[in-house]
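In: give me the fold of what follows.
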Amino acid sequence: MSSATTASDGGRIETYEDFVKVHGLLLAASGLPQSLHFKLFEKLTSETFDGGAHFEIEPCEDGRQRRLLLTSETMPKESNVFLIDHAWTFRLPDAWKQLQEVPGLAQRMAALMCVDVDDEAGLEETVENGGKMTVEEVLESEIRNAKENGDGVVRWLELEELGLDDTAFISLNLSTKFPDLVALSLCGNKLEKKEELVKEVTKFKNLKGLWLNNNPVVEKSDGGMEEAILRGCPKLEIYNSKFTRNFGEWALGFCADVYGKDNPGSGHQGDLSLQSVTSLDLSNRCIHNLINKAFSPFVMPNLSYLNIRGNPIEENSVSDLFGILKAFYCLQSLEVDIPGPVGDNAVEILESLPTLSSLNGVEASKILETEKHVVDSMLQPRLPEWTAEEPLADRVLNAMWLYLMTYRLADEEKLDETPVWYVMDELGSALRHSDEPTFRVAPFLFMPNGTLASAVSYSILWPTQYVKKGDECTRDYLFGIGEDKQRSARLTAWFYTPQNYFIQEYEKHLNKLQSRRLPSMPVKSSTTTRVHCSDGSPLRVYTDIPHVEEFLTRPEFVITNEPKDADIIWTSMQVDEELKKAVGITDQQYVNQFPFEACLVMKHHLADTIQKAQGSPRWLQPTYNLETHLSQLIGDYCLRKRDGHNNLWILKPWNMARTIDTTVTDNLSAIIRLMETGPKICQKYIEHPALFKGKKFDLRYIVLVRSMNPLEIFLSDVFWVRLANNPYSLEKHSLFEYETHFTVMNYGRRLNHMNTPEFVKEFEEEHQVKWLDIHERVKSMIRSVFESAAAVHPEMHDPKSRAMYGVDVMLDGSFQPKLLEVTYCPDCMRGCKYDTKAIFGGGEVIRGRDFFNLVFGCLFLNESIHVSQL
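Out: Down below sits the predicted model:
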């Protein structure tokens, strides 16, 4: 969000002309039609919030969400604009603290996000018997109904949530009283003893449906109980809501609403009850094989809609399934997982089943026209989940990603490094998503005095389609983002998208990584020569780095202020063709950077380089470039969640230093939404790092590169530890505490420097390990990192390049090194400021003031003092 501050006197904006002058760029960026600019000016200057006169908020999704309805008779396209206030504006690191400290904020946000009510399921169990029948009353009622409305035989019995324990259940002697039961539901009781339950249930020889869901015995069962029941009840077709391998017409009829309590079914095959079925929902029934004489057009000749989502159907080939489905000549609408049992391509499915007019709720013609492979118009919304014990602040932190919007402030000087997040007021937050929205929303910064200091942030809302009374008002959560920017995958932030697709994409990605492994390069003797001037004079060094200027004091080097006169350019700026031309740098001068070194020093390129060379080495955490591999990340996340593994991730901007806009989260919606603040990598968080006295730490190593071909790299004996200020924690609120999870404290934070030899000694004592073993693993890892770059990017080599890189390393709980990042021209303040001792060898003192003398001696004079070749 940028601003043009043209009001010179800083006085209040009075006229429409002044408003346009000051806000011209903002108006253009918002996308608001010019015809509505004056109306916006009027509403802003008079602070008119008149949305309540045109809209109403209505609960939906059982009160776990809200939607916005139009109450005006009509609202034509682009006919009005409305101001929406921002109920909460914050920067991410401050979120938890604000929820704790701002009076009423957590309560308002919890109500707005529908997480303020505790789950009342099961509450009725505490209600006294006045509102609920006892088991005896239920049985008497069923017997009475059977006599009054049928032949006196009870065939369907539901004894749900009656508090039945094993003793009470056995005492009912149901098999004697109701020997002809076809269906029995005992859901939500307190049954625990497997042997006794199996013995009682298997007395029903005509049983076709049995539901034991939500009983302790099911949660404890290892599968043996199911096998025993199926052996004892050979006619059983549905067990715990899933189809058994014996499923037939009765199970299909149950799913088609033909059979139920009012019509239990005779249990005889071929009674023609399914002839009239047109719609059949078989979703999530654990069907393994669809080849079944009941599942045929002879039994269901009029079937036009079929849903087989959520079933493995792994025992049928794709061609067999197409053969079965083609036989249903009336079938027009199919719901199926894509990818799934009938393939991974929607277009191919439609071409194989030409009678279909819709697939997964999308018109066939539209799919064929757009050639979309994965389609789903019936995505279920992600709704916040919480427990009654969870504090309001934690509920809000989890739910807010379904509601947040963001912008970044900028003026003519610079862009603010930290994005601003905000929640629209109750009206704005009730706008739900649609791919075909009726409204559009944009953030707008109003500067009543013409200056950024006077700015007030709003959102503006206007209709983009004709809307009439009672219509739901919607917006596109991903306005302007198409499939080229992973739109379908990004919708996962708000909706349950097809997991199978993402898991398949992840598995393909993983297989590709596992197939890669370049051989190690041999360590060759040095081929670089000492740099010297032909006349024997000192090497002239141009630098813009104060520490080099101050501490490079060897007589072999002299500082010059003119880049064009220098033999060596040592700069923090990128030396590209434009800079060379501007300051007169030639190809004969040595430069402290290698061509294409972005493959190491930009986070997304670093991961890509290592993955291309090494696949997935142990020392690199699973890493995804969200701009290109979001689907694979979602698949990885889904599998970890399914398997009960830790799902904490860290998001890092491609090109920001000092952990700016870096976030730790286990929330998938948060991961996806954070893409909105700039390109990022998402990396599996090291949730159990090695700690030093209970605190997190990382290590900064200094690597000196003389040559990329042959690879000639050295590790400085000088390295240092960076310590977090707070004890390590994985509490949800701690993820917002910088000084708990991050270690870079150089910039305005309390810096706890610790001498490296002292740290190593105490670390060895605390953990009973030898630092030499750790050091060898670190050296091997760093060598592999630069081997990867040399192999994947041979164009890096340049005989006139010599460079120093910072390599940041963390140790996991097993003291294995993990690569964090590689930095160009690292900040070496600590190397220069503090004296240290070599950890290995003779333990000589290394003076801080000699740090750059040693670095330049290694890189340009071919010395190897206080460095070791890797």
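In: pull the residues that contact the longest helix anywhere in the chain.
Out: Counting by DSSP state H, the longest helix found in the chain is helix 771-792. When contacts are defined by C-beta atoms under 8 Å, 6 or more residues apart in numbering, helix 771-792 is touched by residues 518, 520-521, 597, 599-600, 609-610, 612-614, 617, 619, 699, 701, 703, 705, 708-709, 711, 713, 715, 760, 763-764, 796-797, 807, 809, 811, 815-817, 819, 822, 839-840, 868, 870. Glycine gets a C-beta too; all of them are placed from N, C-alpha and C.
In: in ChimeraX, how would I select just the buried ones from those residues?
Out: Taking 16 or more other C-beta atoms under 10 Å as the burial criterion, the selection of buried members of those in ChimeraX is written as:
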select :597,599,600,609,610,612,613,614,617,619,699,701,703,705,708,711,713,715,760,763,796,797,807,809,811,816,817,819,822,839,870
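In: burial of the closest residue to H866 other than its chain neighbours, as a residue count?
Out: Leaving aside its chain neighbours, H866 sits nearest to D717 (4.3 Å; criterion: C-beta to C-beta, 6 or more residues apart in numbering). If you count neighbours by other C-beta atoms under 10 Å, D717 ends up with 20.
In: how close does D717 sit to L772?
Out: In this view, D717 and L772 are 13 Å apart by C-beta to C-beta, to the nearest Å.
In: anything in contact with each of these two?
Out: F840.
In: tell me the secondary structure at A442.
Out: Each residue gets one of three states, and A442 gets strand by DSSP: H, G, I helix; E, B strand; the rest coil.
In: how about it, what does it touch?
Out: A29, S30, G31, L32, S459, I460.
In: now name the helix or strand holding the first one.
Out: The reference is to A29. Assigned by DSSP states H and E, A29 belongs to helix 16-30.
In: same question, the last one
Out: Element membership of I460, judged by DSSP H and E, is strand 456-463.
In: give the buried residues for that strand.
Out: Using 16+ other C-beta under 10 Å as the test for burial, strand 456-463 gives S457, Y458, S459, I460, L461, W462, P463.
In: okay, the residue nearest to H866 and H775: tell me how far apart.
Out: Counting by C-beta to C-beta, the gap from D717 to H775 is 10 Å.
In: so how far is A838 from the residue nearest to H866?
Out: From D717 to A838 the distance is 5 Å (C-beta to C-beta).
In: now do the shared contacts for the two.
Out: With C-beta under 8 Å, 6+ apart as the test, D717 and A838 both reach I846, H866.
In: on that earlier part again, between the buried residues of strand 456-463, which sits nearest V138?
Out: L461 (52.2 Å; C-beta to C-beta).
In: in the stretch 151-300 of the chain, where is pLDDT below threshold?
Out: Residues of the stretch 151-300 of the chain meeting the criterion pLDDT under 70: 266-271.
In: let me fix that, I meant to ask about the chain.
Out: Short version for the chain, where the test is pLDDT under 70: 1-10, 118-131, 266-271, 410-417, 526, 656-659, 738, 743-751.
In: let's go with 50 and repeat that
Out: Within the chain, the stretches with pLDDT under 50 are 2-8, 119-130, 267, 269-270, 745, 747.
In: give me the longest strand you can find in it.
Out: strand 695-708 (DSSP state E).
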